[in-house]
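Novice: Provide a 3D model corresponding to the input given below.
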Amino acid sequence: MPKDDDDSGISFLSKELEASLARNSALEKENQELKQEVGRLKAQISSLKAHDNERKSMLWKKLQNSFDNGNTDTKQQKPTIAVRTPEQNQAVENLCPRADSPESAPRKEKPARIPKPPPRPTSVTSPSLKEVNGNKVPLAPAPPRPPPLPSKLLAGSKAVRRVPEVMEFYRSLTRREPQVERANPGGIPTVGNSRNMIGEIENRSSHLMAIKSDVETQGEFINSLTREVEAAAFSEISDVEAFVKWLDKELSYLVDERAVLKHFPKWPERKADALQEAAFSYRDLKNLEAEVSSFEDNPKQPLTQSLRRIQALQDRLERSIANIEKMRDGASKRYKEFQIPWEWMLNTGLIGQIKISSTKLAKKYMKRIIKEMQSTEHSQEDNLMLQGVRFAYRVHQFAGGFDVDTMQAFEELKRVGTVSNKQQHGINRVQEC
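Specialist: Numbering: from 1, shown residues only. Prediction:
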C-alpha cells in the first residue's frame with residue numbers, strides 16, 4: 001500500500017510539473033508578444049510627439065508672422081469688404097461676437113489669398129475627349145500601368161539570395177554558447193513635449209480673432225483648395241509628395257488650419273489626411289533608406305559604440321517596415337479609394353529596396369568585428385564572433401538573404417573565428433601539458 005501511495009504521489013507531481021511547464025511556456029510567449037507590442041507603441045508615440053512638436057513650432061511661427069505683419073501694415077491697408085456665401089455665414093456666426101459686445105471693435109483683416117497652382121504630375125493623363133472639326137470625340141482609353149517588377153528582378157545585380165550556411169552556423173553557435181547574452185540595442189530617446197504651449201495660444205483672444213478673420217475672408221481660397229484636393233489623382237507617389245508639400249505651404253497662410261477648416265464642411269478631410277499620411281510615410285522611408293545607404297563606420301570610435309550605432313539603425317529599419325506592413329492592408333484600400341499610389345508599400349517596391357539595403361549594415365557590422373578580432377588578442381573572441389553571426393542572421397532573415405559582398409564578409413568572419421578557436425585550443429593544450 002505505501003508503494004502505491006508513492007507511485008500515485010509521483011504521478012500527481014509529474015502532472016503538476018508538466019502543467020506548470022506548459023503554463024510557464026505560454027506566459028513566456030505572451031511576455032515576448034507584449035514586449036514587441038510595447039516597442040511598437042513606443043516608436044509610434046515617439047513619431048507622434050516629433051510630428052506634434054513640428055506642428056506646434058510652425059503654428060507659433062505663423063502667429064508671430066501674422067502679428068508682425070499686422071503691426072507693420074495697419075497704416076497702409078485699406079478696409080476690405082468680404083462677400084460671404086451662406087456656408088461661410090454659418091461658419092462665421094459660430095465665431096463672431098454680437099455687435100454690442102466689447103470684442104466687436106474694428107480690427108485688421110488679412111486680404112483674401114489666391115492660391116498658387118499645384119505642381120503638375122510627372123505622368124500627366126490625357127483628357128478623355130478631343131476636339132475634331134468642332135466636335136468632341138472620345139479618345140481611346142490609356143493603356144494600363146505595367147505590374148510591379150518581381151522581387152528577383154528589382155535590384156538587378158544587387159539581388160539577395162538565401163544562404164543556408166548563415167542559419168546553420170548561427171544555430172551551431174547558439175547551441176554551443178547558450179549563456180551569451182543578447183546585445184541590448186540602445187533605447188529610443190524620448191522627445192520633449194511642451195503641453196502647455198497650444199493651450200496658452202488658443203486661450204489668447206488674439207488667436208481666436210485671427211481664426212475668425214480667416215473664416216470671414218479666406219472662404220474662396222479654401223474653396224479653391226477644396227476643388228484641387230477633390231480632383232487630385234496620381235500614379236506616382238513622388239507626385240503625391242510634391243502635391244502635399246504645395247498644399248501644406250498654402251494652408252500655412254491660415255493662422256490655424258485645423259481650427260479654420262472645421263468651419264467648412266465641404267473640405268475633404270479624409271482625402272487630405274490620406275494624402276498627407278502617404279506622403280509623410282514615403283518621405284520617412286526614403287530618408288531612412290538614404291541614411292542606410294550613406295552610413296559609414298568610424299574606425300576611431302570604440303567597438304561597443306560603433307556596433308550600437310549599427311544596431312540602432314537596424315532597429316529603426318525593422319520598426320518602420322513593421323509599422324508599414326501592419327497598416328498596409330487598411331491603408332491600401334483608402335489609397336485606392338482616393339487614387340493615391342500604394343504599390344510602393346509592397347515588397348516589390350520601396351519596402352523591398354530598404355530590406356536589401358540593410359545587408360550593408362550587416363557587412364559593416366561583420367567587418368568591424370573581424371578587424372577587432374585580427375588587431376587584438378581579445379579575451380572574448382568567441383562572444384564577439386557569436387555577436388557578429390547573430391546580427392548577420394537577423395539581417396539575413398529580415399532582408400530575405402545576402403548579396404555577394406555581404407556573403408563574402410560572412411565567410412571571412414567564419415574563417416577568422418574558426419582560426420582563432422583552433423589557436424586558443426592549442427594554447428590550452430600546451431598549458432595543460
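
Novice: Under the pLDDT cut-off, which ranges of this structure? List them.
Specialist: Where the chain drops to pLDDT under 70, the residues are 1-5, 63-110, 123-204, 376-382, 419-433.

Novice: looking at it, residue 303 is touching residue 375, isn't it?
Specialist: No: contact status for residue 303 versus residue 375: not in contact, 10.2 Å apart, counting by CB atoms under 8 Å. Any C-beta I mention is one placed from the backbone N, CA and C, and that applies to glycine too.

Novice: So for those two, which residue has more residues nearby?
Specialist: Set side by side, residue 303 and residue 375 show more neighbours around residue 303, with 14 against 8, by other CB atoms under 10 Å.

Novice: Checking the closest residue to that one other than its chain neighbours next. Helix, strand or coil?
Specialist: Once flanking residues are discounted, residue 303 sits nearest to residue 372: 5.3 Å by CB to CB, 6 or more residues apart in numbering. Using DSSP: H, G, I helix; E, B strand; the rest coil, the structure places residue 372 in helix.

Novice: From residue 353, how far out is residue 372?
Specialist: As for residue 372, its distance to residue 353 is 30 Å (criterion: CB to CB, to the nearest Å).

Novice: Kindly report the same for residue 371.
Specialist: Distance, residue 371 to residue 353, by CB to CB: 28 Å.

Novice: Compare these two and say which one has the larger neighbour count.
Specialist: Counted by other CB under 10 Å, residue 371 and residue 353 do not tie: residue 353 has more neighbours, with 18 against 14.

Novice: helix, strand or coil for the more buried one?
Specialist: Per three-state DSSP, residue 353 ends up helix.

Novice: Using PDB, list the CA coordinates for stretch 337-347.
Specialist: In PDB, the C-alpha atoms belonging to stretch 337-347 read as follows (Å, rounded to 0.1, in the frame of the first residue of the first chain):
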ATOM      1  CA  GLU A 337     -10.400  54.900 -53.000                       C
ATOM      2  CA  PHE A 338      -8.700  58.300 -53.300                       C
ATOM      3  CA  GLN A 339      -6.500  57.400 -56.300                       C
ATOM      4  CA  ILE A 340      -3.200  57.500 -54.300                       C
ATOM      5  CA  PRO A 341      -0.400  55.100 -55.400                       C
ATOM      6  CA  TRP A 342       0.100  52.300 -53.000                       C
ATOM      7  CA  GLU A 343       2.400  49.900 -54.800                       C
ATOM      8  CA  TRP A 344       5.500  51.400 -53.000                       C
ATOM      9  CA  MET A 345       4.300  49.600 -49.900                       C
ATOM     10  CA  LEU A 346       4.700  46.200 -51.400                       C
ATOM     11  CA  ASN A 347       7.900  44.100 -51.100                       C
END
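
Novice: Now do that stretch: everything it contacts.
Specialist: With CB atoms under 8 Å, 6 or more residues apart in numbering as the test, stretch 337-347 has contacts from 148, 151, 232-237, 240, 270-271, 274-275, 278, 282, 324, 328, 331-332, 334-336, 349-352, 355.

Novice: switch to 6 Å and redo it
Specialist: Here stretch 337-347 makes contact (CB atoms under 6 Å, 6 or more residues apart in numbering) with 148, 151, 233-234, 237, 240, 271, 274, 278, 324, 328, 332, 335, 349-350.

Novice: Could you tell me the phi and psi values at residue 18?
Specialist: phi -60, psi -40 (degrees, to the nearest 10).

Novice: how near is it to residue 28?
Specialist: For residue 18, the distance to residue 28 - CB to CB - is 16 Å.

Novice: try residue 354
Specialist: As for residue 354, its distance to residue 28 is 31 Å (criterion: CB to CB).

Novice: Give me the more crowded residue out of these two.
Specialist: It is residue 354, of residue 354 and residue 28, that has more neighbours when counted by other CB under 10 Å, with 21 against 10.

Novice: That one touches residue 289, doesn't it?
Specialist: Yes: counting by CB atoms under 6 Å, residue 289 is a contact partner of residue 354 at 5.1 Å.

Novice: Tell me how many other residues crowd residue 263.
Specialist: The local packing of residue 263 (other CB under 10 Å) involves 21 other residues.

Novice: So it versus residue 115, what's the distance?
Specialist: The spacing between residue 263 and residue 115, counted by CB to CB, is 18 Å.
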